[in-house]
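Chemist: build me a model from this:
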Amino acid sequence: MRLGVNRSQLLCVEGCCGPVICGRQLGEDLRAAYQQQKEPVGVDDVVIVGAGPAGLAAAAALRARGIDSTILERAEHVGEQWRTRYDRLHLHTIRWLSNLPGYRIPRDFGRWVARDQFVQYLELYTAHYGLEPRFGVEATEIDRDDGHWKVRTSAATINARIVVIASGYSRMPYLPRWPGTFDGPMLHSAEYRNPGPYRGLDMLIIGAGNSGTEIAVDLTEGGARRVRIAVRTPPNIFRRDTKGFPTQLVGIAFQHLPPRLLDPLVLGLRRATIPDLTAFGLPRPSEPFSQFRRTATLPILDVGFIDAVRSGAIEVVPAVTALEGRAVVLADGSRVHPDAIVAATGYHPGLEPLVGHVTVIGDHGIPRPQPHLYFIGIGITIAGHLHQVAKDARQTAASVARELRQ
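Modeler: Numbers count the residues shown, from 1 in each chain. A predicted model of the protein is given here:
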(Lines give C-alpha, C1' and ligand atoms only; values in the text may rest on other atoms or scores of the structure.)
Protein backbone atom coordinates (compact mmCIF):
# COMPACT_ATOMS: atom_id res chain seq x y z
CA MET A 1 0.00 0.00 0.00
CA ARG A 2 1.43 3.39 -0.99
CA LEU A 3 0.94 6.10 1.63
CA GLY A 4 0.65 9.78 0.76
CA VAL A 5 3.80 11.08 2.49
CA ASN A 6 5.46 14.16 0.94
CA ARG A 7 9.23 14.00 1.43
CA SER A 8 9.54 17.79 1.16
CA GLN A 9 7.43 18.09 4.33
CA LEU A 10 9.64 15.76 6.36
CA LEU A 11 12.26 18.27 7.49
CA CYS A 12 13.10 18.24 11.15
CA VAL A 13 10.75 20.56 12.99
CA GLU A 14 12.83 20.58 16.16
CA GLY A 15 16.10 21.70 14.60
CA CYS A 16 17.81 18.49 15.60
CA CYS A 17 18.44 17.09 12.17
CA GLY A 18 18.88 20.05 9.86
CA PRO A 19 17.75 19.80 6.24
CA VAL A 20 17.37 16.03 6.31
CA ILE A 21 14.52 13.65 6.97
CA CYS A 22 13.65 13.50 10.67
CA GLY A 23 12.87 10.02 11.98
CA ARG A 24 10.37 11.29 14.55
CA GLN A 25 8.47 13.36 12.01
CA LEU A 26 8.55 10.54 9.48
CA GLY A 27 6.96 8.16 12.00
CA GLU A 28 4.19 10.62 12.88
CA ASP A 29 3.38 11.31 9.23
CA LEU A 30 3.36 7.63 8.38
CA ARG A 31 0.91 6.95 11.21
CA ALA A 32 -1.35 9.81 10.07
CA ALA A 33 -1.27 8.61 6.48
CA TYR A 34 -2.12 5.06 7.56
CA GLN A 35 -5.09 6.26 9.61
CA GLN A 36 -6.31 8.35 6.68
CA GLN A 37 -6.02 5.29 4.43
CA LYS A 38 -8.23 3.27 6.84
CA GLU A 39 -11.06 5.82 6.94
CA PRO A 40 -13.88 5.06 4.45
CA VAL A 41 -13.77 7.49 1.57
CA GLY A 42 -17.07 9.12 0.63
CA VAL A 43 -19.24 7.41 3.24
CA ASP A 44 -22.91 7.70 2.26
CA ASP A 45 -25.50 8.13 4.99
CA VAL A 46 -27.97 5.66 3.44
CA VAL A 47 -27.76 3.15 0.59
CA ILE A 48 -31.00 1.58 -0.65
CA VAL A 49 -30.86 -1.64 -2.68
CA GLY A 50 -33.75 -1.80 -5.15
CA ALA A 51 -35.83 0.75 -7.06
CA GLY A 52 -39.16 -1.02 -6.92
CA PRO A 53 -42.08 0.18 -4.78
CA ALA A 54 -40.30 -0.56 -1.48
CA GLY A 55 -37.02 1.14 -2.42
CA LEU A 56 -38.75 4.21 -3.85
CA ALA A 57 -41.04 4.45 -0.81
CA ALA A 58 -38.05 4.28 1.54
CA ALA A 59 -36.15 6.94 -0.43
CA ALA A 60 -39.18 9.25 -0.52
CA ALA A 61 -39.89 8.85 3.20
CA LEU A 62 -36.25 9.66 3.96
CA ARG A 63 -36.26 12.68 1.64
CA ALA A 64 -39.36 13.99 3.42
CA ARG A 65 -37.13 14.07 6.52
CA GLY A 66 -34.33 15.84 4.68
CA ILE A 67 -32.23 12.72 4.21
CA ASP A 68 -30.86 11.82 0.79
CA SER A 69 -29.97 8.28 -0.16
CA THR A 70 -28.10 6.37 -2.84
CA ILE A 71 -30.50 4.01 -4.66
CA LEU A 72 -28.99 1.03 -6.45
CA GLU A 73 -31.01 -0.83 -9.09
CA ARG A 74 -29.64 -3.71 -11.13
CA ALA A 75 -32.17 -3.18 -13.96
CA GLU A 76 -32.49 -0.15 -16.23
CA HIS A 77 -35.87 1.10 -14.96
CA VAL A 78 -37.83 1.56 -11.77
CA GLY A 79 -40.27 -1.25 -11.00
CA GLU A 80 -38.59 -3.76 -13.30
CA GLN A 81 -40.33 -6.75 -11.70
CA TRP A 82 -43.70 -5.19 -12.43
CA ARG A 83 -42.84 -4.45 -16.04
CA THR A 84 -42.12 -8.09 -16.79
CA ARG A 85 -45.22 -9.73 -15.27
CA TYR A 86 -48.10 -11.10 -17.35
CA ASP A 87 -50.14 -8.63 -19.40
CA ARG A 88 -53.51 -8.92 -17.63
CA LEU A 89 -52.06 -8.39 -14.15
CA HIS A 90 -53.87 -5.89 -11.94
CA LEU A 91 -53.19 -5.00 -8.34
CA HIS A 92 -55.11 -7.33 -6.06
CA THR A 93 -55.32 -4.50 -3.53
CA ILE A 94 -57.62 -1.53 -4.02
CA ARG A 95 -56.11 1.70 -5.37
CA TRP A 96 -56.63 3.88 -2.27
CA LEU A 97 -54.91 1.32 -0.04
CA SER A 98 -51.96 0.90 -2.43
CA ASN A 99 -50.45 4.40 -2.34
CA LEU A 100 -46.79 4.91 -1.51
CA PRO A 101 -45.94 7.63 1.05
CA GLY A 102 -46.73 11.19 0.03
CA TYR A 103 -48.08 10.74 -3.49
CA ARG A 104 -51.38 9.07 -4.43
CA ILE A 105 -52.14 6.83 -7.38
CA PRO A 106 -54.24 8.89 -9.85
CA ARG A 107 -57.98 8.29 -9.48
CA ASP A 108 -58.41 7.76 -13.21
CA PHE A 109 -56.30 4.58 -12.92
CA GLY A 110 -59.44 2.90 -11.54
CA ARG A 111 -60.20 0.80 -8.44
CA TRP A 112 -57.93 -2.08 -9.47
CA VAL A 113 -54.82 -0.65 -11.06
CA ALA A 114 -53.46 -2.41 -14.17
CA ARG A 115 -49.82 -3.45 -14.45
CA ASP A 116 -48.80 -0.75 -16.93
CA GLN A 117 -50.62 1.94 -14.97
CA PHE A 118 -48.81 0.93 -11.81
CA VAL A 119 -45.47 1.13 -13.61
CA GLN A 120 -46.49 4.61 -14.79
CA TYR A 121 -47.31 5.51 -11.17
CA LEU A 122 -43.82 4.43 -10.06
CA GLU A 123 -42.32 6.67 -12.74
CA LEU A 124 -44.51 9.59 -11.62
CA TYR A 125 -43.55 8.91 -8.02
CA THR A 126 -39.84 8.91 -8.86
CA ALA A 127 -40.16 12.24 -10.69
CA HIS A 128 -42.32 13.79 -7.95
CA TYR A 129 -39.61 13.23 -5.34
CA GLY A 130 -36.69 13.87 -7.70
CA LEU A 131 -35.23 10.45 -7.02
CA GLU A 132 -32.27 9.40 -9.17
CA PRO A 133 -31.56 5.66 -8.89
CA ARG A 134 -28.24 4.38 -10.19
CA PHE A 135 -29.49 1.98 -12.86
CA GLY A 136 -27.50 -1.02 -14.03
CA VAL A 137 -25.71 -1.28 -10.67
CA GLU A 138 -26.24 -4.52 -8.77
CA ALA A 139 -25.38 -4.92 -5.11
CA THR A 140 -23.56 -8.23 -4.81
CA GLU A 141 -22.38 -8.42 -1.17
CA ILE A 142 -22.67 -6.41 2.01
CA ASP A 143 -20.11 -6.59 4.82
CA ARG A 144 -19.40 -4.81 8.07
CA ASP A 145 -16.23 -2.71 7.95
CA ASP A 146 -14.93 -0.55 10.79
CA GLY A 147 -18.35 0.65 11.95
CA HIS A 148 -19.78 1.09 8.45
CA TRP A 149 -21.34 -1.13 5.83
CA LYS A 150 -19.29 -1.91 2.76
CA VAL A 151 -21.64 -2.45 -0.19
CA ARG A 152 -19.90 -4.23 -3.03
CA THR A 153 -21.59 -3.65 -6.37
CA SER A 154 -21.08 -4.45 -10.03
CA ALA A 155 -19.63 -0.95 -10.46
CA ALA A 156 -17.70 -0.13 -7.29
CA THR A 157 -17.66 -0.50 -3.52
CA ILE A 158 -19.75 1.99 -1.56
CA ASN A 159 -19.34 2.70 2.14
CA ALA A 160 -22.54 3.50 4.01
CA ARG A 161 -23.64 4.18 7.55
CA ILE A 162 -27.05 2.57 6.98
CA VAL A 163 -28.29 0.10 4.35
CA VAL A 164 -31.91 -0.58 3.41
CA ILE A 165 -32.57 -3.76 1.41
CA ALA A 166 -35.70 -3.32 -0.71
CA SER A 167 -35.10 -5.76 -3.53
CA GLY A 168 -38.49 -7.47 -3.13
CA TYR A 169 -39.85 -10.79 -1.95
CA SER A 170 -40.43 -11.92 -5.56
CA ARG A 171 -36.86 -11.30 -6.67
CA MET A 172 -36.00 -14.86 -7.75
CA PRO A 173 -38.41 -17.29 -9.45
CA TYR A 174 -38.58 -20.64 -7.68
CA LEU A 175 -38.84 -23.86 -9.68
CA PRO A 176 -38.98 -27.22 -7.84
CA ARG A 177 -36.73 -30.04 -9.01
CA TRP A 178 -39.12 -32.80 -10.02
CA PRO A 179 -37.68 -36.19 -10.96
CA GLY A 180 -37.31 -36.55 -14.72
CA THR A 181 -37.73 -34.06 -17.54
CA PHE A 182 -40.58 -32.74 -19.65
CA ASP A 183 -40.09 -32.85 -23.42
CA GLY A 184 -42.46 -29.98 -24.23
CA PRO A 185 -42.39 -26.23 -23.53
CA MET A 186 -42.15 -25.46 -19.82
CA LEU A 187 -41.84 -21.97 -18.36
CA HIS A 188 -42.11 -20.27 -15.00
CA SER A 189 -45.02 -17.89 -14.52
CA ALA A 190 -42.45 -15.05 -14.43
CA GLU A 191 -41.90 -15.70 -18.16
CA TYR A 192 -45.59 -15.94 -19.11
CA ARG A 193 -47.04 -12.86 -20.85
CA ASN A 194 -50.37 -13.69 -22.52
CA PRO A 195 -52.35 -16.64 -23.93
CA GLY A 196 -51.52 -15.92 -27.58
CA PRO A 197 -48.84 -18.62 -28.05
CA TYR A 198 -51.02 -21.25 -26.35
CA ARG A 199 -54.28 -21.04 -28.30
CA GLY A 200 -55.59 -24.51 -29.08
CA LEU A 201 -53.14 -26.22 -26.71
CA ASP A 202 -53.65 -28.51 -23.73
CA MET A 203 -52.17 -26.55 -20.80
CA LEU A 204 -51.11 -27.56 -17.29
CA ILE A 205 -50.60 -24.91 -14.62
CA ILE A 206 -48.60 -26.07 -11.59
CA GLY A 207 -49.43 -24.09 -8.47
CA ALA A 208 -52.65 -22.49 -7.26
CA GLY A 209 -51.54 -19.11 -5.97
CA ASN A 210 -52.70 -15.77 -7.32
CA SER A 211 -50.44 -15.97 -10.38
CA GLY A 212 -51.36 -19.57 -11.18
CA THR A 213 -55.11 -19.11 -10.87
CA GLU A 214 -55.13 -15.85 -12.85
CA ILE A 215 -52.98 -17.33 -15.62
CA ALA A 216 -55.34 -20.33 -15.75
CA VAL A 217 -58.27 -17.94 -16.27
CA ASP A 218 -56.27 -16.01 -18.87
CA LEU A 219 -55.55 -19.20 -20.84
CA THR A 220 -59.18 -20.31 -20.64
CA GLU A 221 -60.45 -16.98 -21.93
CA GLY A 222 -57.64 -16.77 -24.48
CA GLY A 223 -58.47 -19.93 -26.41
CA ALA A 224 -56.48 -22.77 -24.85
CA ARG A 225 -58.08 -26.12 -25.74
CA ARG A 226 -57.86 -27.47 -22.19
CA VAL A 227 -56.63 -25.99 -18.91
CA ARG A 228 -55.74 -28.01 -15.82
CA ILE A 229 -54.25 -26.73 -12.60
CA ALA A 230 -52.22 -28.99 -10.29
CA VAL A 231 -52.80 -28.26 -6.61
CA ARG A 232 -50.64 -29.55 -3.75
CA THR A 233 -52.29 -27.72 -0.83
CA PRO A 234 -55.91 -26.54 -1.15
CA PRO A 235 -55.61 -22.76 -1.19
CA ASN A 236 -57.38 -20.10 0.82
CA ILE A 237 -59.75 -18.36 -1.57
CA PHE A 238 -61.60 -15.08 -1.07
CA ARG A 239 -63.47 -12.64 -3.25
CA ARG A 240 -61.39 -9.64 -4.20
CA ASP A 241 -64.36 -7.61 -3.05
CA THR A 242 -67.93 -8.34 -1.96
CA LYS A 243 -70.53 -5.87 -3.22
CA GLY A 244 -67.83 -3.24 -3.53
CA PHE A 245 -66.28 -3.88 -0.10
CA PRO A 246 -62.59 -4.82 -0.59
CA THR A 247 -61.45 -7.95 1.23
CA GLN A 248 -58.15 -6.19 1.93
CA LEU A 249 -59.88 -4.17 4.67
CA VAL A 250 -60.68 -7.44 6.43
CA GLY A 251 -57.01 -8.45 6.20
CA ILE A 252 -55.92 -5.15 7.73
CA ALA A 253 -58.37 -5.60 10.60
CA PHE A 254 -57.49 -9.26 11.14
CA GLN A 255 -53.76 -8.64 11.52
CA HIS A 256 -54.41 -6.90 14.82
CA LEU A 257 -56.30 -9.84 16.32
CA PRO A 258 -54.82 -12.70 18.40
CA PRO A 259 -53.81 -15.63 16.17
CA ARG A 260 -56.06 -18.05 18.09
CA LEU A 261 -59.11 -16.15 16.85
CA LEU A 262 -58.12 -15.95 13.21
CA ASP A 263 -58.66 -19.53 12.05
CA PRO A 264 -62.38 -19.56 12.95
CA LEU A 265 -62.89 -16.01 11.69
CA VAL A 266 -61.18 -16.65 8.34
CA LEU A 267 -63.03 -19.93 7.93
CA GLY A 268 -66.33 -18.20 8.65
CA LEU A 269 -65.56 -15.50 6.09
CA ARG A 270 -64.86 -18.07 3.42
CA ARG A 271 -68.04 -20.01 4.16
CA ALA A 272 -70.05 -16.80 3.89
CA THR A 273 -68.58 -15.68 0.57
CA ILE A 274 -67.25 -18.73 -1.33
CA PRO A 275 -69.29 -21.79 -2.37
CA ASP A 276 -68.06 -25.22 -1.31
CA LEU A 277 -65.59 -26.37 -3.98
CA THR A 278 -64.78 -29.76 -2.44
CA ALA A 279 -66.40 -31.63 -5.32
CA PHE A 280 -64.09 -29.81 -7.72
CA GLY A 281 -60.91 -30.76 -5.84
CA LEU A 282 -60.63 -27.62 -3.69
CA PRO A 283 -61.80 -28.38 -0.13
CA ARG A 284 -61.76 -25.63 2.45
CA PRO A 285 -58.60 -25.60 4.62
CA SER A 286 -59.55 -26.48 8.19
CA GLU A 287 -57.10 -23.93 9.65
CA PRO A 288 -56.74 -21.26 6.95
CA PHE A 289 -54.77 -18.65 8.88
CA SER A 290 -52.43 -21.23 10.41
CA GLN A 291 -51.85 -22.57 6.89
CA PHE A 292 -50.96 -19.06 5.72
CA ARG A 293 -48.43 -18.63 8.53
CA ARG A 294 -46.93 -22.07 7.95
CA THR A 295 -46.60 -21.88 4.17
CA ALA A 296 -46.30 -18.08 3.62
CA THR A 297 -48.75 -18.53 0.76
CA LEU A 298 -51.12 -15.61 0.29
CA PRO A 299 -54.84 -16.29 -0.12
CA ILE A 300 -56.20 -16.24 -3.66
CA LEU A 301 -58.24 -13.12 -4.39
CA ASP A 302 -60.69 -14.35 -6.99
CA VAL A 303 -60.85 -12.70 -10.42
CA GLY A 304 -62.86 -15.39 -12.22
CA PHE A 305 -61.19 -18.59 -11.06
CA ILE A 306 -64.13 -19.85 -8.98
CA ASP A 307 -66.62 -19.55 -11.84
CA ALA A 308 -64.17 -21.19 -14.27
CA VAL A 309 -63.67 -24.16 -11.92
CA ARG A 310 -67.39 -24.60 -11.30
CA SER A 311 -68.16 -24.47 -15.03
CA GLY A 312 -65.46 -27.05 -15.82
CA ALA A 313 -63.40 -24.62 -17.89
CA ILE A 314 -60.52 -25.18 -15.44
CA GLU A 315 -59.93 -28.70 -14.10
CA VAL A 316 -58.24 -29.23 -10.74
CA VAL A 317 -55.80 -32.18 -10.57
CA PRO A 318 -53.46 -33.49 -7.83
CA ALA A 319 -49.92 -32.21 -7.30
CA VAL A 320 -47.11 -33.06 -9.72
CA THR A 321 -44.65 -35.70 -8.51
CA ALA A 322 -42.53 -36.44 -11.59
CA LEU A 323 -41.96 -35.66 -15.27
CA GLU A 324 -41.72 -38.43 -17.86
CA GLY A 325 -41.06 -37.09 -21.33
CA ARG A 326 -44.42 -35.92 -22.62
CA ALA A 327 -46.22 -37.21 -19.51
CA VAL A 328 -46.63 -35.61 -16.09
CA VAL A 329 -47.09 -37.91 -13.10
CA LEU A 330 -49.60 -36.75 -10.48
CA ALA A 331 -49.79 -37.52 -6.77
CA ASP A 332 -52.59 -40.04 -7.25
CA GLY A 333 -50.49 -42.03 -9.72
CA SER A 334 -52.35 -40.84 -12.81
CA ARG A 335 -50.67 -39.19 -15.78
CA VAL A 336 -51.61 -36.23 -17.93
CA HIS A 337 -50.11 -35.27 -21.28
CA PRO A 338 -50.15 -31.49 -21.66
CA ASP A 339 -48.74 -29.66 -24.68
CA ALA A 340 -47.07 -27.09 -22.41
CA ILE A 341 -46.59 -26.32 -18.71
CA VAL A 342 -46.63 -23.04 -16.80
CA ALA A 343 -45.01 -23.48 -13.37
CA ALA A 344 -46.60 -20.91 -11.06
CA THR A 345 -44.48 -22.18 -8.19
CA GLY A 346 -43.65 -18.90 -6.54
CA TYR A 347 -40.61 -16.82 -5.77
CA HIS A 348 -38.07 -16.25 -3.03
CA PRO A 349 -36.01 -13.18 -2.00
CA GLY A 350 -32.66 -14.81 -2.90
CA LEU A 351 -30.71 -12.73 -0.40
CA GLU A 352 -28.24 -15.39 0.77
CA PRO A 353 -25.29 -14.16 -1.36
CA LEU A 354 -25.98 -10.55 -0.43
CA VAL A 355 -26.46 -10.72 3.35
CA GLY A 356 -26.52 -14.40 4.36
CA HIS A 357 -23.13 -14.05 6.07
CA VAL A 358 -24.11 -11.00 8.19
CA THR A 359 -27.61 -11.97 9.32
CA VAL A 360 -29.85 -15.00 9.75
CA ILE A 361 -32.02 -15.90 6.77
CA GLY A 362 -35.18 -17.35 8.30
CA ASP A 363 -38.10 -19.35 7.01
CA HIS A 364 -39.18 -18.60 3.44
CA GLY A 365 -36.00 -16.59 2.82
CA ILE A 366 -36.94 -13.68 5.07
CA PRO A 367 -33.85 -12.12 6.76
CA ARG A 368 -33.52 -10.83 10.30
CA PRO A 369 -32.79 -7.07 10.62
CA GLN A 370 -29.48 -5.97 12.12
CA PRO A 371 -28.34 -2.65 13.60
CA HIS A 372 -28.20 -0.14 10.72
CA LEU A 373 -29.41 -2.82 8.27
CA TYR A 374 -33.10 -2.68 7.36
CA PHE A 375 -35.37 -4.76 5.13
CA ILE A 376 -38.53 -3.38 3.49
CA GLY A 377 -41.01 -5.22 1.28
CA ILE A 378 -39.46 -8.63 1.93
CA GLY A 379 -42.21 -10.52 3.69
CA ILE A 380 -45.77 -11.77 3.47
CA THR A 381 -48.76 -9.92 4.91
CA ILE A 382 -52.53 -10.29 4.79
CA ALA A 383 -52.89 -6.49 4.92
CA GLY A 384 -51.72 -6.00 1.34
CA HIS A 385 -48.12 -5.73 0.18
CA LEU A 386 -48.13 -2.08 -0.89
CA HIS A 387 -50.07 -0.97 2.18
CA GLN A 388 -47.46 -2.65 4.37
CA VAL A 389 -44.58 -1.24 2.31
CA ALA A 390 -45.83 2.31 2.84
CA LYS A 391 -46.16 1.73 6.58
CA ASP A 392 -42.72 0.13 6.87
CA ALA A 393 -41.08 2.87 4.79
CA ARG A 394 -42.32 5.58 7.16
CA GLN A 395 -41.24 3.63 10.23
CA THR A 396 -37.82 2.90 8.74
CA ALA A 397 -37.29 6.55 7.80
CA ALA A 398 -38.06 7.59 11.37
CA SER A 399 -35.59 5.03 12.74
CA VAL A 400 -32.89 6.03 10.28
CA ALA A 401 -33.31 9.71 11.14
CA ARG A 402 -32.81 8.91 14.83
CA GLU A 403 -29.70 6.85 14.11
CA LEU A 404 -28.11 9.54 11.96
CA ARG A 405 -28.58 12.09 14.74
CA GLN A 406 -26.65 9.90 17.19
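Chemist: for the rest of this, base every contact and every neighbour count on C-alpha atoms.
Modeler: OK.
Chemist: what about Thr220, which SS state?
Modeler: Three-state call for Thr220 (DSSP: H, G, I helix; E, B strand; the rest coil): helix.
Chemist: and the helix or strand containing Val217, how far from the chain's centre?
Modeler: Element membership of Val217 [criterion: DSSP states H and E] is helix 210-221. Counting by Cα atoms, centre = their mean, to the nearest Å, helix 210-221 is centred 21 Å from the centre of its parent chain.
Chemist: parallel or antiparallel, which strands does the helix or strand following that helix pair with?
Modeler: Per DSSP H and E, the first helix or strand lying C-terminal to helix 210-221 is strand 226-231. The strands that strand 226-231 pairs with in its sheet are strand 202-206 (parallel), strand 314-318 (parallel) (by DSSP bridges).
Chemist: want to throw these into a markdown table with mean neighbour count, mean pLDDT and distance to Thr213?
Modeler: Formatted as a markdown table, these follow (neighbours: other Cα atoms under 10 Å; pLDDT from 0 to 100; distance: least, Cα to Cα, whole Å):
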| stretch | mean neighbour count | mean pLDDT | distance to Thr213 |
| --- | --- | --- | --- |
| strand 202-206 | 24 | 98 | 8 |
| strand 314-318 | 21 | 98 | 9 |
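Chemist: so what touches stretch 242-254?
Modeler: The contact list for stretch 242-254, computed with Cα atoms under 8 Å, 6 or more residues apart in numbering, reads 93-94, 238-241, 262, 273, 382-384.
Chemist: one more pass at 10 Å, please.
Modeler: With contact meaning Cα atoms under 10 Å, 6 or more residues apart in numbering, stretch 242-254 is reached by 92-94, 97, 111, 238-241, 261-262, 265-266, 269, 273, 301, 381-384, 387-388.
Chemist: of these, buried ones?
Modeler: Burial by neighbour count, judged by 16 or more other Cα atoms under 10 Å, picks out 92-94, 97, 111, 238-241, 262, 266, 301, 381-384, 387-388 from the contacts of stretch 242-254.
Chemist: and the helix holding Val217, what does it pack against?
Modeler: Where contact means 3 or more Cα pairs under 10 Å, 6 or more residues apart in numbering; DSSP states H and E, helix 210-221 is packed against strand 202-206, strand 226-231, strand 300-302, helix 305-311, strand 314-318, strand 340-343.
Chemist: how about TSV for those, with distance to Glu403 added?
Modeler: Formatted as TSV, the helices and strands packed on helix 210-221 follow (distance: least, Cα to Cα, whole Å):
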stretch	distance to Glu403
strand 202-206	46
strand 226-231	47
strand 300-302	39
helix 305-311	48
strand 314-318	52
strand 340-343	44
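Chemist: who wins for proximity to Glu324 among those?
Modeler: Glu324 sits nearest to strand 340-343 of all those, at 13.1 Å, using Cα to Cα.
Chemist: which helices and strands does the helix or strand just after that closest one pack with?
Modeler: Where DSSP H and E defines the elements, the next helix or strand beyond strand 340-343 is strand 347-348. Applying 3+ Cα pairs under 10 Å, 6+ apart, one finds that strand 347-348 makes contact with strand 172-173.
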